[in-house]
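>>> Just the structure for this:
(chains A and B)
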2 protein chains.
Amino acid sequence: MESFFRYNWIVREQWFQWCEDVPLEELLRPRTGGVGNILQTFFHIIDVEWSWLQVLQGKPDGMENFEDYKTLEAVRQFERKLRPDVETFVLSWDPSMEKRPYIDPELDSTVVKESWGEVMRHVIAHEIHHMGQLSVWSRELDKKPVSANFIGKGLITPDN
Amino acid sequence: MESFFRYNWIVREQWFQWCEDVPLEELLRPRTGGVGNILQTFFHIIDVEWSWLQVLQGKPDGMENFEDYKTLEAVRQFERKLRPDVETFVLSWDPSMEKRPYIDPELDSTVVKESWGEVMRHVIAHEIHHMGQLSVWSRELDKKPVSANFIGKGLITPDN
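You can find the predicted model right below:
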């Protein structure tokens, strides 16, 4: 589980670096698909990752607004603020949590549809999916997108 | 590991159904980003999934050409042909394979950079990434994209 989160964090950082060469106007320009612009995509994935993990733990998931984070540096700060919570939970993950029932606080607690393992993979796939959208928008800007490769990042060291 | 492959197969089938309402001309129309058109994206992910798993097992990975598969039905047949090999390997996966070294047959066998676990996750992320691209192209066609949700598909049943 941890390796996929690390993958997403590495790719996200590489996209942040990609953003450094792009004018803010382009980062905020409305685009087709996804959440509609580049910077808001990052805000969204950071927010969704943290919120799901908070909810799993029965903690408040806050309510932040992209209107307050409309620069690259603000989004990076948003990430720095939330990452420690996310990382603590991801590092504490063990396989016994896979089938733990996720109780949606807004629904009848007798209705359990999801497991913790599903929620974690939902968060992982969510970010990869949005990065795919960014790769199209990147080409529209005539820029090379960040690689989506999982290999080549040293995430799972092979045995000798 | 299996749950992420099952996720990709479910989403892929839903995208195939999405394709049924789209004229072939649109499925083949050149688009910005990714491998350049909708149908070739499916050919590519099916090909890459199968090829990587073949290579891990030291088996020949074939060499098919998209030129021979330029209809939806042909791509579906391509998938039906390759899926059994993929499924057999995925179902045989066990955690002891995670750190097994992947020996690239084209490189010096003393240079081992990747583990089997990395290759498997590479294949998983590869498809999710390309589906993100399709979701943008779908909006360009004024069509609702297939959901990328991992939750709600009954992939990991929670304990009672």
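
>>> Could you tell me which strands sit next to the least confident helix or strand in chain A by mean pLDDT in the sheet, and their orientation?
Least confident helix or strand of chain A, by mean pLDDT, DSSP states H and E, is strand A:101-102 with a mean of 92. Strand A:101-102 has the following strand partners under DSSP bridges: strand A:114-115 (antiparallel).

>>> any chance you could map the helices in chain A?
In chain A, the helices defined using DSSP state H lie at A:2-19, A:24-28, A:38-56, A:72-91, A:116-140.

>>> Of all the residues in the last one, which ones are buried?
Looking back up the chat, that one is helix A:116-140. A:116-139 (16 or more other Cβ atoms under 10 Å in any protein chain shown). All C-beta spots, glycine's among them, are computed from the backbone N, C-alpha and C.

>>> show me which of those residues neighbour chain B.
Contacts with chain B are made by A:116-119, A:121-122, A:124-126, A:128-139 out of those, judged by Cβ under 8 Å from any Cβ of the partner chain.

>>> Point to the residue nearest the middle of chain A.
residue A:45 (3.6 Å; Cα atoms, centre = their mean).

>>> The residue nearest to that one when sequence neighbours are not counted: what's it in contact with?
The shortest distance from residue A:45 to any residue other than its chain neighbours is 4.6 Å, reached at residue A:127 (Cβ to Cβ, 6 or more residues apart in numbering or on different chains). By Cβ atoms under 8 Å, 6 or more residues apart in numbering or on different chains, the contact list for residue A:127 reads A:8, A:11-12, A:45, A:49.

>>> Test for you: state the pLDDT assigned to residue A:127.
We have a pLDDT of 98 for residue A:127.

>>> Could you list the low-pLDDT ranges of chain A?
Residues of chain A meeting the criterion pLDDT under 70: A:108-112.

>>> And the residue of it closest to chain B?
At 2.1 Å from chain B, residue A:132 is the closest residue in chain A, using Cβ to the nearest Cβ.

>>> Does that residue touch residue B:132 like I think?
Yes - the pair residue A:132 / residue B:132 is scored as a contact, 2.1 Å apart, by Cβ atoms under 8 Å.

>>> List the contacts of residue A:113.
Applying Cβ under 8 Å, 6+ apart, the residues near residue A:113 are A:102, A:104, B:151-152, B:158.

>>> Quick check: buried residues in stretch A:141-157?
Within stretch A:141-157, judged by 16+ other Cβ under 10 Å, the buried ones are A:141, A:145-146, A:148, A:150-151, A:153, A:155-156.

>>> Mind putting those into CSV with distance to residue B:16?
Shown next, in CSV, are the buried residues of stretch A:141-157 (distance: Cβ to Cβ, whole Å):
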residue, distance to residue B:16
A:141, 31
A:145, 25
A:146, 28
A:148, 22
A:150, 25
A:151, 27
A:153, 31
A:155, 31
A:156, 31
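
>>> restrict the residues you listed to those near chain B?
Among the buried residues of stretch A:141-157, proximity to chain B is found for A:145, A:148, A:150-151, A:155-156 (Cβ under 8 Å from any Cβ).

>>> So which of these belong to strands?
Among these, no member is found in strands (DSSP state E).

>>> now, which of the residues you listed sits nearest residue B:36?
Nearest to residue B:36 among those, counting by Cβ to Cβ, is residue A:145 at 13.7 Å.

>>> That closest one contacts residue A:138, doesn't it?
Yes - counting by Cβ under 8 Å, residue A:138 is a contact partner of residue A:145 at 3.9 Å.

>>> Overlap of the contact sets of those two?
A:18, B:33.

>>> one step back: pull the most distant pair out of the contacts of residue A:113.
B:152 and B:158 (12.7 Å).

>>> what distance separates stretch A:50-58 from the centre of its chain?
13 Å (Cα atoms, centre = their mean, to the nearest Å).

>>> meant to ask about stretch A:54-74, not that
12 Å.

>>> before we move on, what about stretch A:117-129?
8 Å.

>>> For residue A:54, list the residues it contacts.
A:60-62, A:85.

>>> Buried only: go through those residues for me.
For these, buried by 16+ other Cβ under 10 Å: residue A:61.

>>> burial measure for residue A:10, as a count.
Neighbour count for residue A:10, taken as other Cβ atoms under 10 Å in any protein chain shown: 15.
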